[in-house]
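1. quick one: sequence and predicted model below, then my questions.
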There are 2 protein chains.
Amino acid sequence: MTGSFGNADREGERLAWVALGLLVEPGNRDLGILVRQVGVVEALHRLLAGKATKQLVTATATRRGAADPYETAERALAEADRLGVRLVTPVDEEYPPQLEDLVTISEDVADPVRRNTFPPHCLWVRGGPALVEACEQSVAIVGSRASTSYGEHVGRDFAFGLAERGWTVVSGGAFGIDNAAHRGALAASGRTIAVLACGIDRPYPQSHAGLFDVIARTGLVVSEWPPGADPHRHRFLIRNRVIAAATVGTVMIEANARSGARFTLNRARRLNRLFLAVPGPITSAASVGCHEAVRDGATLVATVPHIIDAVGRLGDDLAPAARATPRARDSLTPLQARVLDGVRPRKPLTAAEIAAAVGVSARDARRVLPALTLAGFVVQVGGTYRLARSPSHEP
Amino acid sequence: MTGSFGNADREGERLAWVALGLLVEPGNRDLGILVRQVGVVEALHRLLAGKATKQLVTATATRRGAADPYETAERALAEADRLGVRLVTPVDEEYPPQLEDLVTISEDVADPVRRNTFPPHCLWVRGGPALVEACEQSVAIVGSRASTSYGEHVGRDFAFGLAERGWTVVSGGAFGIDNAAHRGALAASGRTIAVLACGIDRPYPQSHAGLFDVIARTGLVVSEWPPGADPHRHRFLIRNRVIAAATVGTVMIEANARSGARFTLNRARRLNRLFLAVPGPITSAASVGCHEAVRDGATLVATVPHIIDAVGRLGDDLAPAARATPRARDSLTPLQARVLDGVRPRKPLTAAEIAAAVGVSARDARRVLPALTLAGFVVQVGGTYRLARSPSHEP
């Protein structure tokens, strides 16, 4: 009985994740905080009742229509199923835990671009490999859509070399450098992931529909937006944070002075990922952004071994060792340390489950988990907890 | 009487500098130290008598012939005079004091390239401007002889832009990037200096004879070697240290993996000068050295404003402020501090002259000057002293 009740509960949560995704654009800080505080089902309930921050209520006003959000979510899931697209939410094993780092770069400011960088709630995924595994050893290759033949040559070449060495090449599925990166990885019979800014059934650019089909045969096509979603302009910026966060580093090949690729590279930098840039002729406007990035601190890479040299150091450990604060755990109370021992790195557990695992009362666990969360050891996901991958967490 | 004796003395010193230059290749560490210890005339005397380090005696064995070295030096000076070439030695006002920094990068090792980086003793100069003034606001542009049209375009463009803004462009007079740099500065009606690795009357490459004539009309052609000297291969490496030391920074445009230009850039770095490199296509072998330099810490520059931005900070002060040790002077004894007050930044003075200037006994001045020299406040030039421009000297 408890089992089937748990499954129904779980199914309700999945529908709530989807419903929230239909109501609010991905990355929303206020929603992310609300879900962490009260769980996904209650967050949806409050949002529909208008009991959330004014910013969040206002942002979703036009989308809170007459239709039952659970029914809408069910239809989205059914449609995805029909398309061979599965849903991955933060509580699923397939969810890449490094995306949680996105919490660290969200700022409590008015600017929505700097504010709304929270981790994805929904990842719609098409393709065989488990997303979490495909991302484990992955590098992003980004750059201008308006690329030159030089940039495309380099993009293909670098993606080929990385894929050949077992690295997954992540890019945005766009024209230009993205296209070259995906094709280079495919040419090496390697794995590549296209992270789209629209529904997977609405390939953008349309002429890449065939490319995405090929990618999905061995790699993955991923989107935060459900089937049917349009590629709005602002969604590309929202999407870029996922490319930066999923990978150990981002390589930028050709970017003009105002390219969106520079934005992705900057996200990678703020996430403490590697941020690498490829030089080009100073007479080429397409390389201006790369040169400025190097002047701003990006590592210049001119060969595949340069990239391997950089990302290889982080190979098995997405979080750079330098970020750990070795003594943080020592500062915990005995009870806090004991509860923390029960929190698992990947599988989110309820306070009661954690309490049971380490033999303390559920009341004690509930009492110390907020402090552990606040201190950055633990991440709250809905009503559950798992280990954080944050600076203050000692592995 | 004293005056004419002083002039004769001075003339003897000039001949001694020239004679030493004919006996020993420039930059020799042992000779540099000997001259600092005993003065130039006595250093020549000892060398001729075989009373110097074994290394130095051995190195000059084949050149200590039967001819009177003073007579040979006189002939060299007469020949220079006939060619319109003047001699600048370390005691002359026209000698750029920043060359003295070369002492700091000389290492007491067997490798002659790392060992023999001492400042020039002789600079043979052709052209109107005073060398010290022409070098005051100067930038070196160096690069491959085997340049591409891209590199030559950039060399001309950057030299033009720097010359236009009042900067002297210093280079080595060679084919390729050097040629482009000199011509770019001339095209802007700016000032340029060619530092050769052979006698000024033996232009190398020969086809640049006309270029050097044009340069000497408004700028300078300079060499450490007297008229008639051949452009031996090793002399280019020796020469490069002067290009690096005379300027506030070195810009490298195109260098293959083993280019001599990288050597100059490295000298600039070790001299605490700015070291800048221009990127290019990663598919071009001519840019490999530049990309490696950036990866090793060189500042990437892609525009003239990038260069101005870097060198402009040092505009009026060749020694970066960060190099000063603010409290060093406070550690001196009252007598040391008083004697130091009498040492002048440019004009070398004898211990007696310094003593007279600050009102202490010559004996006291002679007693503390070695300690001030050792501490890096003062530089000994022959039997005279002037302020050092070293890290421990507070301006």
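-> Received the coordinates, thanks.
2. pop the domain breakdown of chain A in here.
-> According to automatic domain parsing, chain A comprises the domains A:1-83, A:124-319, A:324-387.
3. I'd like the ones you listed as CSV, with mean neighbour count appended.
-> No exception for glycine: its C-beta is placed from N, CA and C like everyone else's. Below are the domains of chain A laid out as CSV (neighbours: other C-beta atoms under 10 Å in any protein chain shown):
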stretch, mean neighbour count
domain A:1-83, 17
domain A:124-319, 22
domain A:324-387, 17
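4. so which of the ones you listed gets nearest residue B:358?
-> Of all the domains of chain A, domain A:124-319 sits nearest to residue B:358, with 47.9 Å by C-beta to C-beta.
5. could you give the mean pLDDT of stretch A:260-280?
-> Averaged over stretch A:260-280, pLDDT sits at 95.
6. any idea how far that stretch is from the middle of the chain?
-> Its chain's C-alpha centre and that of stretch A:260-280 lie 15 Å apart, by C-alpha atoms, centre = their mean, to the nearest Å.
7. for it, how far is the first residue from the last?
-> Stretch A:260-280 stretches 18 Å from its first residue to its last (C-alpha to C-alpha, to the nearest Å).
8. and if you look at stretch A:112-128?
-> 34 Å.
9. quick one: mean pLDDT for that stretch?
-> So the average pLDDT for stretch A:112-128 ends up being 95.
10. spell out which parts of the stretch 151-300 of chain A neighbour chain B.
-> Within the stretch 151-300 of chain A, the positions adjacent to chain B are A:153-154, A:278-283, A:287-288, A:291, A:294-295, A:299-300 by C-beta under 8 Å from any C-beta of the partner chain.
11. which SS class is whichever residue of the stretch 1-150 of chain A sits closest to chain B?
-> Across the stretch 1-150 of chain A, the shortest distance to chain B (C-beta to the nearest C-beta) belongs to residue A:150, at 6.0 Å. Under the three-state scheme (DSSP: H, G, I helix; E, B strand; the rest coil), residue A:150 adopts helix.
12. returning to that earlier point: to residue B:17, which of the domains of chain A lies closest?
-> Closest among the domains of chain A, using C-beta to C-beta: domain A:124-319, at 43.3 Å.
13. one step back: wait, the residue of the stretch 1-150 of chain A closest to chain B sits on residue B:281?
-> Yes - between residue A:150 and residue B:281 there is a contact under C-beta atoms under 8 Å: 6.0 Å.
14. any common contacting residues for these two?
-> A:280-281 (C-beta atoms under 8 Å, 6 or more residues apart in numbering or on different chains).
15. where in the stretch 201-350 of chain A is pLDDT low?
-> The stretch 201-350 of chain A contains residues with pLDDT under 70 at A:313-331.
16. for chain B, give me its nearest residue in it.
-> Counting by C-beta to the nearest C-beta, the stretch 201-350 of chain A gets nearest chain B through residue A:279, at 3.3 Å.
17. distance of the nearest residue to that residue once chain neighbours are set aside relative to residue A:251?
-> Nearest residue to residue A:279, sequence neighbours excluded (C-beta to C-beta, 6 or more residues apart in numbering or on different chains): residue B:279, at 3.3 Å. Look at residue B:279 and residue A:251: by C-beta to C-beta, to the nearest Å, they are 15 Å apart.
18. ok, back up a step: out of the residues of the stretch 151-300 of chain A next to chain B, the closest to residue A:272 would be?
-> The closest of those, once distances to residue A:272 are taken by C-beta to C-beta, is residue A:299, at 13.6 Å.
19. right, and residue A:352 touches residue A:362 too?
-> Yes - using C-beta under 8 Å, residue A:352 makes contact with residue A:362 at a distance of 4.4 Å.
20. ok, residue A:366 to chain B distance?
-> 51 Å (C-beta to the nearest C-beta, to the nearest Å).
21. check contacts around residue A:177.
-> Here residue A:177 is in contact with A:141-145, A:147, A:151-152, A:155, A:171, A:253-254, A:261 (criterion: C-beta under 8 Å, 6+ apart).
22. could I get the phi/psi values of the residue nearest to residue A:279?
-> phi -80, psi 170 (degrees, to the nearest 10).
23. residue B:286 is in contact with that one, correct?
-> No - in this structure, residue B:279 is not within contact of residue B:286 by C-beta under 8 Å, at 11.4 Å.
24. could you point out which element follows the helix or strand containing residue A:180?
-> Residue A:180 is part of helix A:177-187, with elements assigned from DSSP states H and E. Using DSSP H and E, the next helix or strand after helix A:177-187 towards the C-terminus is strand A:192-196.
25. output the contacting helices and strands for that following strand.
-> Under the contact criterion of 3 or more C-beta pairs under 8 Å, 6 or more residues apart in numbering or on different chains; DSSP states H and E, strand A:192-196 touches strand A:168-171, helix A:177-187, helix A:209-218, strand A:220-223, helix A:233-246.
26. quick one: strands adjacent to that strand?
-> Sheet pairing for strand A:192-196, assigned by DSSP bridges, gives strand A:168-171 (parallel), strand A:220-223 (parallel).
27. quick check, pLDDT for the residue nearest to residue A:22 when sequence neighbours are not counted.
-> Excluding its sequence neighbours, the residue lying closest to residue A:22 (C-beta to C-beta, 6+ apart) is residue A:72, at 5.9 Å. If you check residue A:72, the pLDDT there is 93.
28. assumed residue A:72 was part of a helix.
-> Yes - membership of residue A:72 in a helix is supported by three-state DSSP.
29. that one against residue A:19, yeah?
-> Yes - Residue A:72 lies in contact with residue A:19 (C-beta under 8 Å); the separation is 6.6 Å.
30. and of the strands paired with strand A:192-196, who's closest to residue B:175?
-> Of all those, strand A:168-171 comes closest under C-beta to C-beta, at 42.0 Å.
31. who's in contact with the closest one?
-> Contacts for strand A:168-171 (C-beta under 8 Å, 6+ apart): A:134-142, A:159, A:162-163, A:177-178, A:181-182, A:184-185, A:190-195, A:219, A:243, A:246-247.
32. who does the longest helix seen in chain A touch, helix- and strand-wise?
-> Secondary structure of chain A per DSSP state H: the longest helix is helix A:2-23. Judged by 3+ C-beta pairs under 8 Å, 6+ apart, helix A:2-23 is in contact with helix A:40-48, helix A:69-83, strand A:86-88.
33. quick one on the thing from earlier: quick one: the residue of the stretch 201-350 of chain A closest to chain B from residue A:194, how far?
-> Residue A:279 is 26 Å from residue A:194, by C-beta to C-beta.
34. now do residue A:309
-> 26 Å.
35. swap in residue A:229?
-> 15 Å.
36. next one: residue A:172
-> From residue A:172 to residue A:194 the distance is 7 Å (C-beta to C-beta).
37. any common contacting residues for these two?
-> Joint contacts of residue A:172 and residue A:194 (C-beta under 8 Å, 6+ apart) are residue A:178.
38. which stretches of the stretch 51-200 of chain A have low pLDDT?
-> Looking at the stretch 51-200 of chain A by pLDDT under 70, you get an empty list.
39. now do the contacts for the residue of the stretch 201-350 of chain A closest to chain B.
-> A:287, A:290-291, A:294, A:300, A:302, B:279-282, B:287, B:291, B:294, B:300.
40. if we use 6 Å, what do you get?
-> Residue A:279 is in contact with A:290, A:300, B:279, counting by C-beta atoms under 6 Å, 6 or more residues apart in numbering or on different chains.
41. okay if I get these as TSV plus distance to residue A:378?
-> Below are the contacts of residue A:279 laid out as TSV (distance: C-beta to C-beta, whole Å):
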residue	distance to residue A:378
A:290	39
A:300	38
B:279	45
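42. re the thing from before, dump the domains of chain A into TSV; add distance to residue A:109 as well.
-> TSV is the format used below for these (distance: least, C-beta to C-beta, whole Å):
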stretch	distance to residue A:109
domain A:1-83	9
domain A:124-319	14
domain A:324-387	21
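43. sorry, back to before: which one of the strands paired with strand A:192-196 lies closest to residue A:273?
-> strand A:168-171 (11.5 Å).
44. before we move on, the earlier item: please report the distance of the residue nearest to residue A:22 from residue A:228.
-> Counting by C-beta to C-beta, the gap from residue A:72 to residue A:228 is 11 Å.
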